[in-house]
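In: the following block contains a protein sequence and its predicted model.
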Amino acid sequence: MSAEGFSLEKGEPLEEKTDGLYDEMGSNRRALILGAGKLDIDGVIDFWQDYDHVVYVDRSYVETATIAEIEHGFMTEETSISFYSGDIFEFLDTFKFMFNIVIAERIFEHMFYDSGEIGRLLDACNQVTTDDGDLTIVVPNANTLSRILQNIDQGKSTNQGGDLLIVNTEFCNTRCDPHGSVWTPELAKIYIEQKEGGTWKIESIQEIHEHKGRSVYMQIYCKKPQSAIN
Ligand SMILES: C[S@@+](CC[C@H](N)C(=O)[O-])C[C@H]1O[C@@H](n2cnc3c(N)ncnc32)[C@H](O)[C@@H]1O
């Protein structure tokens with residue numbers, strides 16, 4: 001399919017925008033990594049071997065492609081790897097192609113509970129994924145953090161400096177990039193399946209998940225509920 005053969009008007013419903021396009025692209029596999037942060041090049045290459053088009057989004061990147069350039073790569077290249085510097089919502093609300101998988105590692109805890117951002121992000125991820133698409137979320141598990149906190153509090157911590165850093169970072173993070181919501185397995189079920197979204201169904205939760213050398217996270221695998229598709 002040529003770039004010329006592809007025309008989308010902004011504001012068209014996403015299904016209409018992407019249905020035919022996805023079919024025409026056959027077995028093309030696409031992944032979106034939200035709040036990707038600092039990249040490790042081996043991880044990027046591994047990922048690219050599994051997917052034809054991979055897009056990394058983070059507002060901290062310096063030099064990046066525009067959304068239009070990334071879309072153009074999807075239309076004209078067999079494979080592409082792209083970096084977009086900007087807000088995740090800006091990308092999700094604008095980008096015109098669907099993905100097979102969205103990976104959101106350590107980004108959902110940056111969504112402020114009181115602003116409704118958790119539900120907004122869940123919905124936006126839903127809008128850019130295929131019907132059989134996956135959403136993988138990694139967030140700090142506040143139950144694990146609470147156990148570390150109790151150990152410090154009861155004088156049982158064997159690594160007080162490290163534990164203080166972990167609980168403060170994972171509960172609050174930094175002034176310029178604060179955390180805005182607390183996550184446990186039960187809270188994840190409430191946020192994802194009841195209160196906020198209802199557009200995703202949790203397939204499994206790994207309550208202790210090691211990420212970046214810390215075992216204080218949990219990993220949540222989500223699929224779209226079949227009833228919402230049929
Ligand atoms: C804790 S880091 C996680 C990085 C990486 N995913 C990881 O697990 O190591 C959170 C990242 O999310 C990015 N971020 C937070 N809110 C964002 C937003 N609204 N739009 C784009 N990026 C955002 C920050 O710039 C930061 O790089």
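Out: Good, I have the coordinates. Numbering: from 1, shown residues only.

In: in this protein, which spans are helices?
Out: Taking DSSP state H as the criterion, the chain contains helices spanning 14-24, 41-50, 67-76, 88-94, 117-127, 142-153, 160-171, 185-189, 226-229.

In: deepest-packed of those helices, please.
Out: Stretch with highest mean neighbour count among the helices of the chain: helix 117-127 (a mean of 20; mean count of other CB atoms under 10 Å). Any C-beta I mention is one placed from the backbone N, CA and C, and that applies to glycine too.

In: that one - contacts with which helices or strands?
Out: Contacts defined by 3 or more CB pairs under 8 Å, 6 or more residues apart in numbering; DSSP states H and E place helix 117-127 against helix 88-94, strand 99-105, strand 129-140.

In: report the beta-bridge partners for the residue positioned nearest the centre of the chain.
Out: Centroid check for the chain by CA atoms, centre = their mean gives A104 as the closest residue, at 2.1 Å. Beta bridges link A104 to L34, I137, judged by DSSP bridges.

In: what residues are up against it?
Out: By CB atoms under 8 Å, 6 or more residues apart in numbering, the contact set of A104 is L34, G35, L121, C125, L135, T136, I137, V138.

In: ok, the nearest residue to N126 once chain neighbours are set aside to the ligand distance?
Out: Nearest non-adjacent residue to N126, counting by CB to CB, 6 or more residues apart in numbering: T199, 4.1 Å away. T199 sits 19 Å away from the ligand, going by CB to the nearest ligand atom, to the nearest Å.

In: what is the burial count for T158?
Out: Other residues near T158 come to 7 when the count uses other CB atoms under 10 Å.

In: separation between Y221 and the ligand?
Out: From Y221 to the ligand the distance is 16 Å (CB to the nearest ligand atom).
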